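S.K.: Need the 3D shape of this:
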Amino acid sequence: MISAQANRGRPLEELIILANRQYRTQHLAVIHKVPTAWIPLRDSRGRVVNAKVEEKAVVDFLGTYRGWPLAFDAKHCSGDRIRWDRVEDHQAQFLEDWARDEGISFILVGFGMQRFFVVPWEVWREGLLRWRYEHGPASISVKQMQHEWEVRRGGQIALDYLAIVDRLFFRGGGEE
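M.R.: Numbers count the residues shown, from 1 in each chain. Okay, the predicted model is just below:
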């Protein structure tokens, strides 16, 4: 069933979709929102009255940037902390496999609609594993986010997260 929880990250996704359109228009990247497959639920008269998820998407966004495969999930939180386990097991496995096969993997976190961070998958994975197996903290706060991960708003792109991808994965703009 569709719930308010299911749509809590929609404004962040819409902002990313806008940025992706701008990237594509400027011939910088081709990044696509992965649709969620829904099954319509019908009443006795055959009218659609609700829907449920048929199959969970692996991650929210897939595409290519600078010739490299890119996969990431967008996570929104309304407070100043986000739990590591917000990335579901099937998403974690996908991002792990993607990174192992030399794809670019990360989590794009939005704290409200004010601050945004590109967290490399390796960092997220370590936090998740420490929490699960070493009794580390269950979450990371906005204050613990690295300055180099923060996405600035404004300019020609609504949310220029690829500027952070450049710094993190291409060492400041030059290919590895």
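S.K.: so Leu15 touches Ala158, yeah?
M.R.: Yes - at 5.8 Å, Leu15 counts as touching Ala158 under the criterion of CB atoms under 8 Å. Yep, even glycine has a C-beta here, placed from its N, CA and C like the rest.
S.K.: helix or strand right after the top helix by length along the chain?
M.R.: Longest helix in the chain, counting residues (DSSP state H): helix 10-25. Later in the chain than helix 10-25, the nearest helix or strand by DSSP states H and E is strand 29-33.
S.K.: Summarise which helices and strands that next one is packed against.
M.R.: helix 10-25, strand 61-65 (3 or more CB pairs under 8 Å, 6 or more residues apart in numbering; DSSP states H and E).
S.K.: which other residues reach that strand?
M.R.: 13, 16-17, 20, 23-24, 60-66, 70, 162 (CB atoms under 8 Å, 6 or more residues apart in numbering).
S.K.: Could you tell me the end-to-end distance of stretch 34-44?
M.R.: 32 Å (CA to CA, to the nearest Å).
S.K.: Stretch 95-114 too?
M.R.: 26 Å.
S.K.: Provide the contact partners of that stretch at residue level.
M.R.: 9, 11-12, 15-16, 59, 65, 68-80, 82, 87, 116-122, 124-125, 142, 145, 151, 161, 165, 168-169.
S.K.: Quick check: buried residues in it?
M.R.: Under the neighbour-count criterion of 16 or more other CB atoms under 10 Å, stretch 95-114 has 95, 98-99, 103-111 buried.
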